[in-house]
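Chemist: Have a look; sequence and predicted model below, questions after that.
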Amino acid sequence: MKTLTIKVLPRSSRNEIVGTLPDGTLKVKLTAPPVDGEANKKLIELLSKEFGVSKSNIKIVKGETNKIKLVEINL
């Protein structure tokens, strides 16, 4: 299991992992707006492709309504 801290930038031009902040937080751009969990769905979809795991193996543990999220990935 891998735990990541992620900073989400919603309403961007495309879905991509931009890089890592100095504290180790992963910076992710998403096209979806932060409304009705749309950005969370896109984040899980992106991480699923990036890490090669199914969406059910990714869980937002903390920060569902925040730009900073704690995510667990079962590898």
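Modeler: Looks like it came in fine. Numbers count the residues shown, from 1 in each chain.

Chemist: if I pick Lys27, what's in contact with it?
Modeler: 6-7, 9, 17-21 (Cβ atoms under 8 Å, 6 or more residues apart in numbering). For glycine as for every other residue, the C-beta is placed from the backbone atoms N, C-alpha and C.

Chemist: got it, and Phe51?
Modeler: Phe51 is in contact with 2, 58, 73, 75, counting by Cβ under 8 Å, 6+ apart.

Chemist: thought the first one was touching Val61?
Modeler: No - in this structure Lys2 lies outside contact range of Val61 using Cβ atoms under 8 Å: 11.9 Å.

Chemist: Report the buried members of the contacts of Phe51.
Modeler: Neighbour-count burial (16 or more other Cβ atoms under 10 Å) applied to the contacts of Phe51 gives 58, 73.

Chemist: a markdown table for the contacts of Phe51, including distance to Thr31?
Modeler: A markdown table is the format used below for the contacts of Phe51 (distance: Cβ to Cβ, whole Å):
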| residue | distance to Thr31 |
| --- | --- |
| Lys2 | 25 |
| Ile58 | 18 |
| Ile73 | 21 |
| Leu75 | 26 |
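
Chemist: Which ones among the contacts of Phe51 map onto helices?
Modeler: Within these, no residue falls in helices by DSSP state H.
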